[in-house]
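Participant: got a structure for you, letters missing:
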């Protein structure tokens, strides 16, 4: 039995003046539903149609009816909040994913708490503080390696966790196949006639890997498949890392004719160094990104598009389901990527000018 | 008198095994502070030094001490949460501002709820639902025109509001002087010798204005000051708007020699059309942005830099102060912008080639 403040009283007709201290019965009368529906709708409980929930919320808002989520959560154990953990807030990927989560949570009346846990220490501190906070119903980890300890801790306190952007066996997760997508992008460059295809991998000191391993694996597999030698340079993430990587690639005895960057952000740094060095893209070197972020189209960057908004929405959906089910949800939602060909990739110059062009520089 | 679950019990020595059901007294003993300090620290109340708060939180986390924020907030009226309202989550500006807010709130142990209210209807629905939610201690509005009705509603329910990115008379706010900054950027182009300086203004259907009015005012003032005719094109925000605006400008009887875009995002669209049209920047046309976002440096865009991270941090600081003071905080925090000159602006061709070059095309 839920101990909510049910008060008796005459139903209020919509045309009557608004009651000064509105009760739940006023909300029920105004929305034209039963008291228990109001109670369930305002607690965010299951079994209330979205339209009915909206109607109840509208009536409550119009009446200025105040329900204390704090009081409600003591009774129901449901806080109406989902925590979203991100390693960074600034990069495009996270803003888009958060927007997807936000849209989906709004639809079911849940609030979104956002925590930026930029390194393993911050992540650890957050997870350790969770019992103390006891203020969320589920956690969505966006493009984060939580690590076994953190996941065990979440299990221990009974908080459902959904992984967004990573495939995690036995766990609720929404992901794209980074390995297959990277292999496909690499094959695209090989099929254009490139043999020296370099891969720019991002890794920072904290162990957060941004799908690095999977994409690297896909690149390496495709190169091995074609009997081509893998050329991997590893630098910090972002523009700067891309610029550093391109500088290194251009200092090799035999620079690559194509560069596949782990992300569009990294590709931007590669493009910048190319532009400043007077190296024509794709004339001298082809550049491939990964993400299809908002700048990729502007810069005519060929890239692998991920459905990031949908990833956020689907992750939120799993989280909401886990809260309502009050039991483990282990769905794997596999979303597709697609290769978006723009003007930063083309057949290598050696192919266009005949094989001599390609070997001249080596002699 | 605050009714927290104070339990008597022997102080626990740090080297002893951890208690199975830790009490507040265990936390106090482990942190080496008084019970009331633990209570105040865990409630997020004022008068606790950050180092002490951290020590208490560490001790509580190590012991697995669970305090119910719900129960605590019923007693204290403090939820430990701040809501941040943003019109969008994707653009760079909002990610950076949120990161600033997040960093500052973490320092005082507060949680960040994020709401994307992309149009006036969503904003209205959010503000109307606030009493129903009753789950935050303050609201930070980032680059949002809340409107008088919404602000009155927040006042009515006693929620402090802090404006980030807008100067609002009589209200706590953190801002840069958009008018002065835009006037300065316009003068910079005029001083280089440009007379046809166009301004690309962003406005969408919803009435959200992104500092549009103030920047436009600054541009117009500087043009009037110089006796030059203002040329303003208004398009939707973002890359697309910039591209549309540049297409219009290039269709004029006398195209401008310099384009000042309301934001870097808009400038990207201007640059894209220029690049695709074979128009040299800054040879044929100078382009100036506003923001200094993460892509501006990559594209060598001259722009007005805003201290966005600091804006977020300072806004969070005001919100925290308003919660602790439990009374109105009306500080105006005015932060400086600076003009970052890169390679997208230069003296006009007419100046370099002598006055004849500029008039030839008109004949």
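Facilitator: Noted; the coordinates are in hand. Fair warning: this is a prediction, and the values are worked out from it, not measured in the lab. Numbers count the residues shown, from 1 in each chain, chains lettered A, B, ... in the order given.
Participant: element containing residue A:59?
Facilitator: Taking DSSP states H and E as the definition, one finds residue A:59 inside helix A:50-63.
Participant: Quick one: neighbours of residue A:352, just the number.
Facilitator: 12 (other C-beta atoms under 10 Å in any protein chain shown). Just so you know, the C-beta spots here come from the backbone N, C-alpha and C atoms, and that holds for glycine as well.
Participant: Residue A:328 now?
Facilitator: With neighbours defined by other C-beta under 10 Å, the count for residue A:328 comes to 11.
Participant: Now that it has come up, it's in contact with residue A:171, right?
Facilitator: No. Judged on C-beta atoms under 8 Å, residue A:328 makes no contact with residue A:171 at a distance of 9.0 Å.
Participant: For chain A, just list every one of the helices.
Facilitator: Here chain A has its helices, by DSSP state H, at A:24-31, A:35-43, A:50-63, A:69-76, A:92-107, A:120-133, A:148-156, A:178-191, A:212-225, A:238-249, A:264-276, A:308-325, A:349-353, A:355-359.
Participant: Return the helix or strand in chain A with minimum mean pLDDT.
Facilitator: When each helix and strand of chain A is scored by mean pLDDT, DSSP states H and E, helix A:355-359 comes last, with a mean of 45.
Participant: care to break chain A down by domain?
Facilitator: For chain A, automatic domain parsing gives the domain ranges A:2-76, A:81-176+A:308-330, A:178-305+A:340-352.
Participant: For the stretch 151-300 of chain A, which residues are neighbours of chain B?
Facilitator: Listed as neighbours of chain B in the stretch 151-300 of chain A under the rule C-beta under 8 Å from any C-beta of the partner chain: A:239, A:268, A:269, A:271, A:272, A:294, A:295, A:297, A:298.
Participant: Out of those, flag the one nearest to residue A:232.
Facilitator: Of all those, residue A:232 sits closest to residue A:269, with 16.1 Å by C-beta to C-beta.
Participant: The closest one: how many residues sit nearby?
Facilitator: Residue A:269 is flanked by 24 other residues according to other C-beta under 10 Å.
Participant: list the contacts for it?
Facilitator: A:238, A:239, A:240, A:241, A:242, A:243, A:244, A:245, A:246, A:261, B:298 (C-beta atoms under 8 Å, 6 or more residues apart in numbering or on different chains).
Participant: Just the pLDDT for it.
Facilitator: pLDDT, residue A:269: 95.
Participant: next one: the one 3 residues further on
Facilitator: pLDDT, the model's per-residue confidence, is 92 for residue A:272.
Participant: Leaving out the residues flanking it, which one is nearest to it?
Facilitator: Distance criterion C-beta to C-beta, 6 or more residues apart in numbering or on different chains; nearest residue to residue A:272, sequence neighbours excluded, is residue B:298 at 5.0 Å.
Participant: Distance of the one you found relative to residue A:302?
Facilitator: Distance of residue B:298 to residue A:302, given as C-beta to C-beta, to the nearest Å: 17 Å.
Participant: So which of these two has more stuff around it?
Facilitator: residue A:302 (24 against 19).
Participant: Kindly reformat the helices of chain A as TSV containing distance to residue B:204.
Facilitator: Below are the helices of chain A laid out as TSV (distance: least, C-beta to C-beta, whole Å):
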stretch	distance to residue B:204
helix A:24-31	33
helix A:35-43	33
helix A:50-63	25
helix A:69-76	33
helix A:92-107	16
helix A:120-133	36
helix A:148-156	40
helix A:178-191	34
helix A:212-225	36
helix A:238-249	29
helix A:264-276	26
helix A:308-325	19
helix A:349-353	45
helix A:355-359	50
